[in-house]
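[1] kindly return the folded structure for what I paste below:
(chains A and B)
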Protein chains: 2
Amino acid sequence: MKKFTLFTPGPAEVPPRVLKALSEPIIHHRSQDFREIFFEVREKLKKLFKTKQDVIVFASSGTGAMESAVVNFFCKGDKVIVVNGGKFGERWTQICKTYGLDVHEIKVEWGYAVEPDDVKKALEKNGNVKGVFIQGCETSTGVEHPVKDVAKIVREKRGDDTLFVVDGITAVGVFDVDMDGWGIDILLTGSQKALMLPPGLSMISASERALKFMEKSDLPKFYFNIKREMKAQREGETAYTPAISLIKGLRESLRMIIDEEGLDNVFARHRKLASILRNMVEGLGLKIFAKRPAPGLTTIEIDNAEEIRKKMRELGAWVAGGQDKLKGKIIRIAHMGYYNEGDMIYVGNVLKACLQN
Amino acid sequence: MKKFTLFTPGPAEVPPRVLKALSEPIIHHRSQDFREIFFEVREKLKKLFKTKQDVIVFASSGTGAMESAVVNFFCKGDKVIVVNGGKFGERWTQICKTYGLDVHEIKVEWGYAVEPDDVKKALEKNGNVKGVFIQGCETSTGVEHPVKDVAKIVREKRGDDTLFVVDGITAVGVFDVDMDGWGIDILLTGSQKALMLPPGLSMISASERALKFMEKSDLPKFYFNIKREMKAQREGETAYTPAISLIKGLRESLRMIIDEEGLDNVFARHRKLASILRNMVEGLGLKIFAKRPAPGLTTIEIDNAEEIRKKMRELGAWVAGGQDKLKGKIIRIAHMGYYNEGDMIYVGNVLKACLQN
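    The predicted structure follows:
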C-alpha cells in the first residue's frame, strides 16, 4: 500500500477539491466560460500579489517566470546585482549571464539572509545598477531574505533607476510580500507551493517603473513576452494556448486562499505551523539550519540526513533533502499551502521515530 | 444545462480516464515513482515520433517547443527558409526573426500546400541555408504540407548542412510523420491535440545532425535549453520542475495510443473520420477550404461562418472559426484524438441543422 504526504518545498499537497477541478472536462480557452474563470483568477492574483498591476500567467514552471523577469525588462550589458545565498540565487545569476547581463553577486553564506547594508554598499560601489535580484525565500536553505528592507534601500538609493526583482516562488501566499506597498518592481511565483496546485503555471507582475524599462528592453523573447501576454490577458485570453485545467484549479485554490481563509489568516497559519514544528525539532535536540527561517519550510541540520529522509519516506512522510553542497547535511520539511497543525504533529513525530531507530 | 463536445483544433476532447489520472494525488518529481512514469512516457514518445532519439518534454504550450527548435540549434544571422502558408507558418517567421535569423519565406496562399519544387528552388537560390521550417499540418487552414517530399529535397540538396524542422503540433499522432525514416531533424508537438490532454506540455526531438548544430548554437536559452533537459531527462528527471499531473495524464493517453489502439490504427481512424465528415459536408453543398486537407481537421468555406459557428455552439458542438484573414470565412472542425464515427455524424448533422435554420 502506498500512502504518503508530501512535505516537500514543491510540489506540495494539492487539496481534493483542486484535484477535482483539474479533472473536469476541458473547455475552450477562447470562450466566455474561460474568460469568466480567467478574470476571476486575475482579480484574485492581484490580491495575492498585493498589487494593482496585471499579474501575468504563463504555462511554465517557476523558472520560466524567472527568465521572463530578465528578458522583458533589461538590456544586454546592463549591470545588475544578484543576492546569491543558495541554489535559487545562483539561478538568477545563471539566467542573467545567459542573456548577457553584467552580474555583480552579493554572495551570502548558505543558511544566512542577506544584510540589507551589503546591498546598500553594493549599490554605492557599482554605479548605474539597473536591477537588484533576490529571493523572498531561498528554498534551498529555508532562509527568508529581508525583502522589505532591501526594497527600501533600492528605492532610497536609486529611485526610478533600478528595478527590484523578487523571486517569490516560496514566498507569495506564504508570508507577507507587499508588492505595491514595499516598492517591489517585479514579483513572481509558481503554482506548486502556496497555491496548492500541481506544477505547470507561473505568474509574474511588473510595476509601472518596470513597464517603462520594458519599453527599452532589447533582449530577445517570444514565449515569455510579457507585453504580448499583457495585451491578451487583459482581454481574458492568452497569447498562446494556456494550461486550461491548471487555471481552473488555480481559481479553486485562490477561492480557498483569498475568499475563504483570507490571506492574513493563511500567513498566520504558516507562522503557527512553522513554530509548532520548530519547537518539536529543537525539543529533539536538533538545530534549525536557516538563521532567518522562512515560514514556508523548516530546514534541519542532521548528520545522517539522507538516511533519515529515506526512513521518513518509508513511514509516508515525504520530506526533501539538501541540494548541492547541502546534500546529506540537512532535511527540508515544507509546510506552505494545504497543511494543518495535525500535519506538523505527524511529521515531527515521524522525524522523532526515525531518529530513534 | 451546459453540455458540449469540443471539435476545436486544440484543446480537443480529453478521455475520462486521462482526466482521472490528472486528479490523482500529486507525487514528487524526484522519486522512483516519477522516474518509472517518465521512463515509460519517454519510450512511448519515441514510438509516437518514430525516432530513436530522445524526446524532450517541456512544461509549456506548443509555442514553447517551437521557440526551443530555434534557439537551441541555430546561430544569430543564420539563413533559414520558412514555409509560410498560414498563422503557424507566420509564427515560425516571427520566432526566427525575434532571434536574429535571416528569414527567407516561401509564401504559400492560405488553403494551399507548399509545392516541394518551390522548396527546391529556394534552396538553389539561397546559398548556405541552415534550416527549413514547415508545419506538418497548418492548423489555421487545415492543410497537410508534403513533409516527406520536402524532407527528401532538403536531404538531397543539402546533405548534413541544413536542418529540416517540422512543427507537428496537429500532425504527430494524427497521421504518419516518420522522423527517422524521412530524415526530419527536429520534430515537435503539443499535448492538447492528438495526445488527448489539456494544454501545458510540449515535446521535441532532435536528430544526430541537429545535435551537432546544437553544439555550435550561440542563441541565448535557459528555460528551453534542450541540452540541459536531455541530460536530466535521460536520468528520469527534468532540469526544472515538470508538469507532474500532465505527465501522468500523458502516460495514460500514450498507453491508449501506442499500446491499446496502436499508432497505425489511430491514423486509419483519423482518415476515416475525415472522410465521413467531408462526405457529409460536400453532401450539404459546401466546399472544403484546404486544397490538401490534413486528416486531423476539416476546414469548410461558409459565407456566414461566424453565425454558423455560434449556432453550432448553442447546440453543444464547439467548432472553431477562421483566424486572421479567414475570420468569418471558414469554420474548422477538428477530429484528432478522442473522436469516433458517431461524433462525426453528430457534428455533421449539427452543421446541417444550423445551415437550415
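
[2] residue in the stretch 201-350 of chain A nearest to chain B?
    Closest approach between the stretch 201-350 of chain A and chain B, counting by CB to the nearest CB: residue A:243, at 3.4 Å. Backbone N, C-alpha and C define where each C-beta goes, glycine included.

[3] got it, and the stretch 1-150 of chain A?
    Using CB to the nearest CB, the closest approach of the stretch 1-150 of chain A to chain B is made by residue A:23 at 3.4 Å.

[4] not counting sequence-adjacent ones, nearest residue to that residue?
    Of all residues not flanking residue A:23 in the chain, residue B:23 sits nearest, at 3.4 Å (CB to CB, 6 or more residues apart in numbering or on different chains).

[5] ok, now residue A:288?
    If the residues on either side of it in the chain are set aside, residue A:288 comes closest to residue A:278, at 6.0 Å by CB to CB, 6+ apart.

[6] run through the residues that contact the one you found.
    The contact partners of residue A:278, taken as CB atoms under 8 Å, 6 or more residues apart in numbering or on different chains, are A:288, A:293, A:298.

[7] for the first one, give the beta-bridge partners.
    In this case it means residue A:288. Beta-bridge pairing of residue A:288 under DSSP bridges involves residue A:300.

[8] what is the burial count for it?
    Residues near residue A:288, counting by other CB atoms under 10 Å in any protein chain shown, number 18.

[9] follow-up on the earlier one: so what's the residue nearest to residue A:23 scoring on pLDDT?
    Here the pLDDT value assigned to residue B:23 is 95.

[10] try residue A:152
    Per-residue pLDDT puts residue A:152 at 98.

[11] surely it is in a helix?
    Yes - per DSSP: H, G, I helix; E, B strand; the rest coil, residue A:152 lies within a helix segment.

[12] isn't it up against residue A:183?
    Yes - using CB atoms under 8 Å, residue A:152 makes contact with residue A:183 at a distance of 7.4 Å.

[13] can you pull out the helices in the stretch 51-200 of chain A?
    Shown for the stretch 51-200 of chain A, the helices assigned by DSSP state H, counting those that start in this stretch span residues A:62-71, A:87-98, A:116-125, A:147-158, A:179-182.

[14] do me a favour and average the pLDDT over the helix ranked longest in chain A.
    Determined from DSSP state H, the single longest helix within chain A is helix A:263-283. Helix A:263-283 comes out with an average pLDDT of 98.

[15] may I have it exported as CSV, CA atoms only?
    The C-alpha coordinates for helix A:263-283 follow below in CSV (Å, rounded to 0.1, in the frame of the first residue of the first chain):
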residue,chain,number,x,y,z
LEU,A,263,-4.6,35.9,3.1
ASP,A,264,-3.7,37.2,6.6
ASN,A,265,-5.1,34.0,8.2
VAL,A,266,-3.1,31.9,5.7
PHE,A,267,0.1,33.8,6.7
ALA,A,268,-0.7,33.3,10.4
ARG,A,269,-1.3,29.6,9.9
HIS,A,270,2.0,29.2,8.2
ARG,A,271,3.8,31.0,11.0
LYS,A,272,2.0,28.8,13.5
LEU,A,273,2.9,25.6,11.7
ALA,A,274,6.5,26.7,11.5
SER,A,275,6.5,27.5,15.2
ILE,A,276,5.0,24.1,16.2
LEU,A,277,7.4,22.1,14.0
ARG,A,278,10.4,24.1,15.1
ASN,A,279,9.6,23.6,18.8
MET,A,280,9.4,19.9,18.2
VAL,A,281,12.6,19.8,16.2
GLU,A,282,14.5,21.8,18.9
GLY,A,283,12.9,19.5,21.5
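
[16] quick check: buried residues in it?
    Buried residues in helix A:263-283, defined by neighbour count with 16 or more other CB atoms under 10 Å in any protein chain shown: A:266-267, A:269-270, A:273-274, A:276-278, A:280-281.

[17] would a markdown table of those residues with distance to residue B:208 be doable?
    Converted to a markdown table, these look like this (distance: CB to CB, whole Å):
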| residue | distance to residue B:208 |
| --- | --- |
| A:266 | 51 |
| A:267 | 53 |
| A:269 | 53 |
| A:270 | 50 |
| A:273 | 51 |
| A:274 | 51 |
| A:276 | 55 |
| A:277 | 51 |
| A:278 | 53 |
| A:280 | 55 |
| A:281 | 52 |
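
[18] closest to residue A:156 among those?
    Distance to residue A:156 across the buried residues of helix A:263-283 (CB to CB) is lowest for residue A:267, with 26.4 Å.

[19] neighbours around the residue lying closest to the closest one once chain neighbours are set aside, how many?
    Excluding the flanking residues, the one nearest residue A:267 by CB to CB, 6+ apart is residue A:175, at 5.4 Å. Using other CB under 10 Å, residue A:175 has 23 other residues around it.
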